[in-house]
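Enquirer: give me a 3D structure for the following:
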Amino acid sequence: MGYNFRPLERDQQYLMPPSLRDWLPPDDLAWVVLDAVDQIDLGPIHAPYRADGWGAPAFDPAMMTALLLYAYATGERSSRRIEARCRRDIAYRVICANQVPDHATIARFRADHEAALGELFGEILRLCAAAGLGRLGLVALDGTRLAADASMGANRTAAALDAEIRHILAEAAEIDAAEDATHGPERRGDELPAGLADPRSRLARLREARRQLDEAETLRTRRAAEGAAARRAVRQPERGPVEPEATDPPAIARPGAGQRKGWAERNTTDPDARKMLAPGGWLVGYNGQALVATDGLILAAELTSDANDVEQLHPMLAAARSNVERAGFRRPIRTVLADAGYWSEANAAALPADGPTVLIAPLAGRARGPDSIRPPTPERERMRRRLATRRGRALYRRRSTIVEPVFGQLKEARGVRRFRRRGYAACASEWRLLCATHNLLKLWRSGRGRRLTGPPPPPPRRSR
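Expert: Okay, here's the model as predicted:
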C-alpha cells in the first residue's frame, strides 16, 4: 500500500490573483499601514520635490513612507534587506505595487527626510487617539540605552585626539610634498586625498570630538564651582558670600574620574554618542526616553545623549502634554510614574501645581564622602509621604509593568538594540520612527486599524 501524499509539481504554471487586494488577507498589517499613510499629512515629505514636472520621475513619497513604516514595524531596518524583501515578500510587493526601489534609494529617502519621518510619531498618535486607544489616567516614564553605530574602541581622550589630529595633518603635509615633487605645484596632483579633504572625513570627526570635549570640560568646571559655592552658602548662611576655604572641595573633577565614567572621552565614529552603563555592560550609544500609557501606547518619545535620566523629567512631561493636546485625546494625563533616576530636589520643586501628579522614588539621600545621611528636605519628605499611602504604593507598583514591556518588545521582539545611522539628529529620527511603528502595531492588534476615523488631511500645496 503506497503513501497518500499531495502531488508536488514544481513545473506547474500558476496564475496569481489579478488584483493585489487578493494577495493578502484583509486583516494584514500591510493594509493598516497603507490606510494610515492615506490619513497622515505628508506635506513635509512632499515639500522638497519639484512641482514643475522636470527631472526623472521619483518613487511616490507615500509609497516610500509606507515601505519604511512597514519595514520598521516588522523589525527590518537594513536598506539592502528591505530591497530584497521588495522582490520576494508578498506584503512588501503589495505596499510597493510591484515596484522595487534599490537600497541606495531607500537609504537616501530615509536620510533626506529624517526630520519629517520623525514627526510621523505625532501623526500616528493622532490616528490612535481617533481609534480610541490610549488610557491616559496613569502613565509611566523611563529610558533605555541603545548602542550607537560605533565601537567602544573608537573612544578617545583629549590627548589621544590631539595626537591623532597631528598625525593626520602631518600625513597630509607629507602627501602634499610628495605629490608636488611628482606632479608639480601647479597641477591637480597636489590636492589632499579625498579622505582628508572631505568635511565628513575622519579628520572632521576628530575635530568635532575634540571640540565637544572642550565644551564638556568647561561646563563641568562651572557646575563644580557652582556646587562648591552652594555648599559654602549652606554651611555659613549668616556670613554671606565668603572666599573659598582650604577645606572646600576642588572646583574640578578629580583626576581619573572623568576617564572612568567616560566624561573625558569622545567617539571618533559618532562624536554625538556617549559612553553609558546598560544592564548588559558599558556601551557607546544614546538614551531613548518614552512615556507610556497603561495600554502600551507611547505618548512621547525623545532621544538624548545624557546617560542620566534626571534632566529628562520636565522635557518629557512637556512633550507628552503637547502630543496629547495635538492628538486630540479627550482626557488629560492624571498620574505619572518615574523611577529614582528622575529624582532631584529641583525636579520635585518645579512640578506645577495644576499639572499631573508625579510619583518618583526619591534617592536615599546619602552624601558622598565622609558626610552622614543628608538632612531631610521638604520635597523628599513630601514625596515619601505620598508614596507611603496605600494608593501611592498600589500605583507605583505598576510602573515597571507599564513601561518595561514596551522596551522589551522593541529590543527582543523587533531586535532593536543598535541604531543604524550615526549622529544625534539621525538617531533621534530613527528612535521616533521606531516608537511610531510601535503605536502602529498597537493600532493593528487592537482591531481598529481598518476603521480610522476623520477625513484625510488636504493634499500639500505645490508652488507653480
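Enquirer: could you use CA atoms for every contact and neighbour count after this?
Expert: Noted.
Enquirer: neighbours of Phe5, how many?
Expert: A count of neighbours around Phe5, defined by other CA atoms under 10 Å, yields 6.
Enquirer: that one in helix, strand or coil?
Expert: For Phe5, the assignment made with DSSP: H, G, I helix; E, B strand; the rest coil gives coil.
Enquirer: got it, and Phe59?
Expert: coil.
Enquirer: for it, list the residues it contacts.
Expert: Pro101 (CA atoms under 8 Å, 6 or more residues apart in numbering).
Enquirer: low-scoring pLDDT stretches of the stretch 1-150 of the chain, where are they?
Expert: Along the stretch 1-150 of the chain, segments meeting pLDDT under 70 span 1.
Enquirer: where exactly do the strands run in it?
Expert: 138-147 (DSSP state E, counting those that start in this stretch).
Enquirer: helices along that one, start to end?
Expert: Secondary structure of the stretch 1-150 of the chain by DSSP state H, counting those that start in this stretch: the helices cover 29-39, 43-46, 61-73, 79-88, 90-96, 103-112, 114-118, 120-130.
Enquirer: those helices into TSV, with extra columns for distance to Leu15 and mean neighbour count?
Expert: Below are the helices of the stretch 1-150 of the chain laid out as TSV (distance: least, CA to CA, whole Å; neighbours: other CA atoms under 10 Å):
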stretch	distance to Leu15	mean neighbour count
helix 29-39	22	21
helix 43-46	37	17
helix 61-73	26	21
helix 79-88	17	17
helix 90-96	15	20
helix 103-112	29	16
helix 114-118	38	20
helix 120-130	37	23
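Enquirer: out of those helices, nearest to Thr437?
Expert: When the helices of the stretch 1-150 of the chain are ranked by distance to Thr437, counting by CA to CA, first place goes to helix 61-73 at 5.0 Å.
Enquirer: relative orientation of that closest one and helix 79-88 in degrees?
Expert: If you take axes from the mean of the first three to the mean of the last three CA atoms, to 10 degrees, helix 61-73 sits at 110 degrees to helix 79-88.
Enquirer: what helices and strands are in contact with helix 61-73?
Expert: Packing contacts for helix 61-73, counted by 3 or more CA pairs under 8 Å, 6 or more residues apart in numbering; DSSP states H and E, involve helix 29-39, helix 90-96, helix 424-445.
Enquirer: now do the domain split for this structure, please.
Expert: 135-150+274-428, 154-267 (automatic domain parsing).
Enquirer: who's in contact with the residue lying closest to Pro332 once chain neighbours are set aside?
Expert: Distance criterion CA to CA, 6 or more residues apart in numbering; nearest residue to Pro332, sequence neighbours excluded, is Leu136 at 6.3 Å. Shown in contact with Leu136 (CA under 8 Å, 6+ apart): 293-294, 331-334.
Enquirer: among the domains of the chain, show the one with the smallest mean pLDDT.
Expert: Lowest mean pLDDT of those: domain 154-267, a mean of 59.
Enquirer: could you report the distance from the residue nearest to Pro332 to Pro356?
Expert: In this view, Leu136 and Pro356 are 11 Å apart by CA to CA, to the nearest Å.
Enquirer: what do those two both touch?
Expert: Common neighbours of Leu136 and Pro356 (CA under 8 Å, 6+ apart) are 333-334.
Enquirer: rewinding a little: out of the helices of the stretch 1-150 of the chain, flag the one nearest Ala147.
Expert: So among the helices of the stretch 1-150 of the chain, helix 61-73 is nearest, using CA to CA, at 17.3 Å.
Enquirer: just want the angle from that closest one to helix 424-445.
Expert: Going by the same axes, to 10 degrees, helix 61-73 makes 80 degrees with helix 424-445.
Enquirer: returning to that earlier point: could you export the helices and strands packed on helix 61-73 as CSV, including distance to Pro405?
Expert: Shown next, in CSV, are the helices and strands packed on helix 61-73 (distance: least, CA to CA, whole Å):
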stretch, distance to Pro405
helix 29-39, 21
helix 90-96, 27
helix 424-445, 12
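Enquirer: might you report the residue contacts of the residue lying closest to Pro17 once chain neighbours are set aside?
Expert: Among residues not flanking Pro17 along the chain, Trp23 sits closest, at 6.7 Å (CA to CA, 6+ apart). Going by CA under 8 Å, 6+ apart, Trp23 touches 17, 90, 94.
Enquirer: adding distance to Gly285, write those residues out as CSV.
Expert: Below are the contacts of Trp23 laid out as CSV (distance: CA to CA, whole Å):
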residue, distance to Gly285
Pro17, 47
Ile90, 35
Val94, 35
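Enquirer: now flag whichever of these is closest to Thr65.
Expert: Closest to Thr65, out of all of the contacts of Trp23 and judged by CA to CA, is Val94, at 13.7 Å.
Enquirer: Ala350: how many residues sit nearby?
Expert: 9.
Enquirer: again with Gly408
Expert: 13.
Enquirer: distance of it relative to Arg422?
Expert: Gly408 is 23 Å from Arg422, by CA to CA.
Enquirer: what's the answer for Asp41, then?
Expert: Asp41 is 27 Å from Arg422, by CA to CA.
Enquirer: adding distance to Ile360, write the helices of the stretch 1-150 of the chain out as JSON lines.
Expert: Output for the helices of the stretch 1-150 of the chain, formatted as JSON lines (distance: least, CA to CA, whole Å):
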{"stretch": "helix 29-39", "distance to Ile360": "36"}
{"stretch": "helix 43-46", "distance to Ile360": "38"}
{"stretch": "helix 61-73", "distance to Ile360": "32"}
{"stretch": "helix 79-88", "distance to Ile360": "41"}
{"stretch": "helix 90-96", "distance to Ile360": "44"}
{"stretch": "helix 103-112", "distance to Ile360": "37"}
{"stretch": "helix 114-118", "distance to Ile360": "29"}
{"stretch": "helix 120-130", "distance to Ile360": "26"}
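Enquirer: and Leu359, backbone torsions?
Expert: Torsion angles at Leu359 (phi, psi; degrees, to the nearest 10) stand at phi -110, psi 110.
Enquirer: top of the contacts of Leu136 by neighbour count?
Expert: In these, the most neighbours by other CA under 10 Å go to Ala293, 23 neighbours.
Enquirer: that residue reaches Val139, doesn't it?
Expert: Yes: using CA atoms under 8 Å, Ala293 is in contact with Val139, at 4.5 Å.
Enquirer: which neighbours do these two share?
Expert: Joint contacts of Ala293 and Val139 (CA under 8 Å, 6+ apart) are Ile402.
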